[in-house]
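> Pasting a predicted model and its sequence here:
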Amino acid sequence: MTAHAHRHGPEELCEAGLELYGRALREGAVPEQAAAEVPCVIRAGLLQPDLEDVRRLRPVAPALGLPRLLRGIAEDIALRRQAETRLAEAFEPLLALGSGPASAADTGLITLVSGFERINDAIRQAMLRSCDEVLTIQPGGKRPVSSLALALPKEQELLSRGGRMRTLYQHTTRHDPAVLAHYELLDGDVEVRTLDEVPDRLIVLDRAIAFIPANADRTVAAEVRHPPLVSYLATTFDRLWRLATPMYPEAVSPPALGGVTPRQRAIAALLVEGHTDAVIADRLGMNVRTARVHIAKLAATLGSESRAQLGYLIGQSGILDREG
């Protein structure tokens, strides 16, 4: 492979370039000649000369390198916004020509968007036009670092315009250092809270636009601009927010009651409803193995020797009647 084969934009990285960058992160540095055939890593600013030995290259921290690569994308977004403005101005005199009776589909109050790329682009464009507030529910466990990094520029831009962010995660996310590091990079009015269970993913922008999944695998999303529906979703978020436990900027840890942790109480509530370990894990955003560890600890705390006895002891203990 030659350097000639790597003529792509600085925001792009080939597989060989990523492998070399990963090697540099693992080993702390790589020889300068190792980057001769993959100049994309140098152009991207991911490898820099070692001040102690110019024949070696040291890696830039991923948390710094990725935002640099995303700047080109942000510039492209700015150009598209300009094109959007020009298109709107061009269509303004034509709107009166099509002002006849419209069907529900023509109103654009609810639009289906298909495909992850198109969904993310629709959310990004809506955030670029927002200036007051973004409310988000993120179900599941850990978020990929790449997803967090992609969200960082548009979130910071909203905060820089004076907006605020409120995000709900499940409790399992409290143990993800990448999520906490992500919010520490943001400068502005940001708060994060967690619940044992949350609904499916939700994004509400300026209480005027909402995005919700439209199928099970989230490959289709509904963009909602219907005022009563958006208001309902925002109110639902507000009520869940009041029940949630603060995580950022100041974390609050609910105390264990009678030796039973808040996580174990949440599992206990699902156990008495008769759910399987797999369902409990899915509802609480954890894997089955972790759920079973919590169940075993709960059983040990209550002195249970069987699954059937555990349900009985949960009822007798009164742990589900206590506030936590």
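Done, it's in.
> make it CA atoms for all contacts and neighbour counts henceforth
Will do.
> Against which helices or strands is the helix or strand L180 falls within packed?
Here L180, judged by DSSP states H and E, is contained in helix 177-185. With contacts taken as 3 or more C-alpha pairs under 8 Å, 6 or more residues apart in numbering; DSSP states H and E, helix 177-185 sits against helix 145-160.
> By mean pLDDT, flag the weakest helix or strand of this protein.
Of all helical and strand segments in the chain, the minimum by mean pLDDT, DSSP states H and E falls on helix 104-107, at a mean of 51.
> distance between the ends of stretch 205-213?
15 Å (C-alpha to C-alpha, to the nearest Å).
> Give me the mean pLDDT for it.
Mean per-residue pLDDT for stretch 205-213: 95.
> Run the chain-centre distance for the longest helix along the chain.
The residue-count maximum for a helix in the chain (DSSP state H) belongs to helix 62-95. Remark: helix 62-95 is offset 22 Å from the chain centroid, using C-alpha atoms, centre = their mean, to the nearest Å.
> thinking again about what came up before, list the buried ones in the helix holding L180?
The neighbour-count check on helix 177-185 (16 or more other C-alpha atoms under 10 Å) flags 178-180, 183 as buried.
> helix or strand right after that helix?
strand 189-195.
> circling back: run the chain-centre distance for the helix holding L180.
How far helix 177-185 lies from its chain's middle: 11 Å, per C-alpha atoms, centre = their mean.
> Please list the outside residues in contact with it.
Residues outside helix 177-185 that contact it (C-alpha atoms under 8 Å, 6 or more residues apart in numbering): 142-143, 145, 148-149, 152, 173-174, 190, 248.
> try 7 Å
Contacting residues not belonging to helix 177-185 are listed as 145, 148 [C-alpha atoms under 7 Å, 6 or more residues apart in numbering].
> ok, now stretch 263-273?
In contact with stretch 263-273 (C-alpha under 7 Å, 6+ apart) are residues 196, 280, 294, 298, 311, 314, 319-320.
> if you look at the residues you listed, which of them are in strands?
With DSSP state E as the criterion, strands contain none of the contacts of stretch 263-273.
> Could you find which two of those residues are furthest from each other?
Spatial extent of the contacts of stretch 263-273 (C-alpha to C-alpha) is set by the pair D196 and G311 at 19.6 Å.
> Thank you kindly, that will do.
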